[in-house]
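Peer 1: Dropping a prediction and its sequence here:
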Amino acid sequence: MTGRIRVPGDKSISHRALILGALTVGETTISGLLEGDDVLNTAGAMRALGAKVENLGGGNWRVHGVGVGGFAEPAAVLDFGNSGTGCRLVMGAVAGCPITATFDGDASLRSRPMRRILDPLAKMGARVIDQAEGGRLPLTLKGATDPLPIEYETPVASAQIKSAVLLAGLAAPGETIVIETEASRDHTEKMLKHFGAKIVTKPHGDHGRRIVLQGQPELEPCHVAVPADPSSAAFPMVGALIVPGSEIILDGVMLNPLRTGLFTTLREMGAKITEENKRDDGGENVADLRVTFSALKGVAVPAERAPSMIDEYLVLAVAAAFAEGKTHMHGLKELRVKESDRLEATAAMLRVNGVTVDIEGDDMIVHGMGAGGVPGGGEVATHMDHRIAMSALMMGLAAKQPVRIDDSAFIATSFPGFVDLMKGLGANLGADLS
């Protein structure tokens, strides 16, 4: 694999740019927006809630917002497809408005728990009118007429819980406070500040943060430049590390330290990843990453690193399969409540292709087989999960026998153009993939 590419815009920032743009009064412009299904569903939800959202082409978008607390009651169900992030963040924004909205999604999203989001929103005055068993979708939420500010300590490190509370807190008077014992990704805080909100973040304990938001601001419309997504960059990065002779450059990748746990781990394994042309883009640090085929070795990945790489363990497991020795990943409980039970699905992906994997509680241990040592030849059940699909395809690039997946349709939810970009680097992904 050789060449230079730019992976799509960061999904987390794309969701937030649309939502916060819709909560301003005036025109917000966005460049580099990820135009995958997940983000497009969030754009559709903003339109349904009364904002004017326009696609100008080439990743450029324009949003005319309705102001904090200004969402209109939607005429139809808000369908988020496969996107837990879009659904949960919009629940937070709706919870601060005196409207009723029904949230739904595909079969995968319907299986995912929403109670951890709904509990703090209920403390702020929102009410669940109807829900599927276990607090799941489809779910009807009635926002608060007079939202209450709260102080809330998140039960797990979750940017989605934190963001939902902060978005609801925009419409509440006084201070809304979120306390994290383990810091999660901070894109919402940074973007709130970018839009003019008064928000202060301070350390809390050894690894946590205390975030204080002043409610009822008048958010200022602005421009958001979306950097390249480090979670998407992970796939061609691992592909280049395990395919002999590879050297690629990934342009403009975001290097927010709360998102780069995978890069740290791969370097500990011996990966050759160098940063070039470091710069600031839209409040985030970015750089071009040069990635070269490397002889990898197994390592222990500490549990406290999980929040900074929770979406990347699947493709890390692929890198670990081609490393010498065991890679022990600690504290992966959160993987069980993603698009699928990603812990079990990742183990199954490796096992069906001849790799030994142990699961001990919430830990995963991959017994590496060295460069070129993975047998391959299996068909991977993707469980409608885009990251399983892409991880399995990367494994197939360096396995002795081709690796098949049962469904590639869901890749477009987060990485439109994935197959064409990878083929442009010389990856052999098969004629039947598009």
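Peer 2: Thanks, I have it. Bear in mind the structure is a predicted one, so any value in this text is a computation, not a measurement.
Peer 1: burial count for N277?
Peer 2: When counting by other C-beta atoms under 10 Å, one arrives at 11 neighbours for N277. All C-beta spots, glycine's among them, are computed from the backbone N, C-alpha and C.
Peer 1: swap in A75?
Peer 2: 6.
Peer 1: so who does the spatially closest residue to it that is not a sequence neighbour touch?
Peer 2: Leaving aside its sequence neighbours, A75 sits nearest to A48 (C-beta to C-beta, 6 or more residues apart in numbering; 7.2 Å). By C-beta atoms under 8 Å, 6 or more residues apart in numbering, A48 lies in contact with 74-76, 78.
Peer 1: try G261
Peer 2: 305-309, 312.
Peer 1: Now do it against L316, distance only.
Peer 2: Distance check for G261 against L316: by C-beta to C-beta, to the nearest Å, it reads 9 Å.
Peer 1: Just the mean pLDDT for the strand or helix carrying I365, thanks.
Peer 2: For I365, the element it lies in under DSSP states H and E is strand 363-369. Strand 363-369 shows an average pLDDT of 97 in the prediction.
Peer 1: Quick check: neighbours of that strand in the sheet, parallel or antiparallel?
Peer 2: strand 324-329 (antiparallel), strand 357-360 (antiparallel) (DSSP bridges).
Peer 1: Please produce TSV containing these, extended by distance to G36.
Peer 2: Below are the strands paired with strand 363-369 laid out as TSV (distance: least, C-beta to C-beta, whole Å):
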stretch	distance to G36
strand 324-329	27
strand 357-360	29
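Peer 1: Confirm L343 sits in a strand?
Peer 2: No: L343 sits outside any strand when classified using DSSP: H, G, I helix; E, B strand; the rest coil, being helix.
Peer 1: just the strands paired with strand 363-369: most buried one?
Peer 2: Of all the strands paired with strand 363-369, strand 324-329 has the most neighbours on average by mean count of other C-beta atoms under 10 Å, namely a mean of 19.
Peer 1: Surely G373 is in contact with A320?
Peer 2: No: here G373 lies out of contact with A320, judged by C-beta atoms under 8 Å, at a distance of 11.9 Å.
Peer 1: Please say which of these two ends up with more neighbours.
Peer 2: The residue with more neighbours, out of G373 and A320, is A320; 32 against 16, by other C-beta under 10 Å.
Peer 1: just checking, which of the contacts of G261 belong to strands?
Peer 2: Among the contacts of G261, none falls in strands (DSSP state E).
Peer 1: Tell me the predicted confidence for S434.
Peer 2: 53.
Peer 1: nearest spatial neighbour of G378, skipping sequence neighbours?
Peer 2: V352 (3.5 Å).
Peer 1: ignore the last one, R88
Peer 2: Q160 (4.4 Å).
Peer 1: Now stretch 253-264: buried residues?
Peer 2: For stretch 253-264, burial by neighbour count (16 or more other C-beta atoms under 10 Å) applies to 253-256, 258-263.
Peer 1: what's the closest of the residues you listed to M124?
Peer 2: L258 (25.0 Å; C-beta to C-beta).
Peer 1: what about G331, how many neighbours?
Peer 2: Around G331 there are 18 residues (other C-beta under 10 Å).
Peer 1: got it, and the one 4 residues further on?
Peer 2: Number of residues near L335 (other C-beta under 10 Å) recorded here: 22.
Peer 1: what's across from T201 in the sheet?
Peer 2: Assigned bridge partners for T201, using DSSP bridges, are I211.
Peer 1: Against G354, how distant is it?
Peer 2: For T201, the distance to G354 - C-beta to C-beta - is 46 Å.
Peer 1: related to what we said a few turns ago, I'd like to know which of the buried residues of stretch 253-264 are part of helices.
Peer 2: 261-263 (DSSP state H).
Peer 1: Break the protein into its domains for me.
Peer 2: Following automatic domain parsing, one gets these domains for the chain: 2-216, 230-424.
Peer 1: Same list (those) but as a markdown table, adding distance to V224.
Peer 2: Output for those, formatted as a markdown table (distance: least, C-beta to C-beta, whole Å):
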| stretch | distance to V224 |
| --- | --- |
| domain 2-216 | 4 |
| domain 230-424 | 6 |
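Peer 1: Parallel or antiparallel, list what pairs with the helix or strand hosting D130.
Peer 2: Using DSSP H and E, D130 maps to strand 127-132. Looking at strand 127-132 with DSSP bridges, its partner strands are strand 136-142 (antiparallel).
Peer 1: about what we covered before: from the ones in helices among the buried residues of stretch 253-264, which single one is nearest A409?
Peer 2: L262 (25.1 Å).
Peer 1: neighbours around the spatially closest residue to the closest one that is not a sequence neighbour, how many?
Peer 2: Nearest non-adjacent residue to L262, counting by C-beta to C-beta, 6+ apart: E312, 3.9 Å away. Applying other C-beta under 10 Å, we find 27 residues neighbouring E312.
Peer 1: what's the answer for the one 5 residues further on, then?
Peer 2: If you count neighbours by other C-beta under 10 Å, A317 ends up with 24.
Peer 1: Surely it and L350 touch.
Peer 2: Yes: with contact defined as C-beta under 8 Å, A317 counts as touching L350 (6.1 Å).
Peer 1: what is in contact with the two at once?
Peer 2: 357, 366.
Peer 1: quick one on the thing from earlier: relative to V128, which of the strands paired with strand 363-369 is closest?
Peer 2: strand 357-360 (33.8 Å).
Peer 1: And for the closest one, what's in contact with it?
Peer 2: 317, 343-344, 346-347, 350-351, 364-367.
Peer 1: Over it, what's the mean pLDDT, rounded is fine.
Peer 2: 96.
Peer 1: For R127, list each beta-bridge partner.
Peer 2: Here R127, judged by DSSP bridges, has bridge partners K142.
Peer 1: Next, give phi and psi for the residue nearest to A75.
Peer 2: phi -60, psi -30 (degrees, to the nearest 10).
Peer 1: if I look at it, how far off is L421?
Peer 2: Distance from A48 to L421, by C-beta to C-beta: 31 Å.
Peer 1: Next: N428.
Peer 2: 14 Å.
Peer 1: same question, E35
Peer 2: The value you get for E35 to L421, if C-beta to C-beta is used, is 14 Å.
Peer 1: what's the helix or strand for the nearest residue to V63 once chain neighbours are set aside?
Peer 2: Computed as C-beta to C-beta, 6+ apart, the closest residue to V63 that is not its neighbour in sequence is G21, at 3.4 Å. For G21, the host element (DSSP H and E) is helix 11-22.
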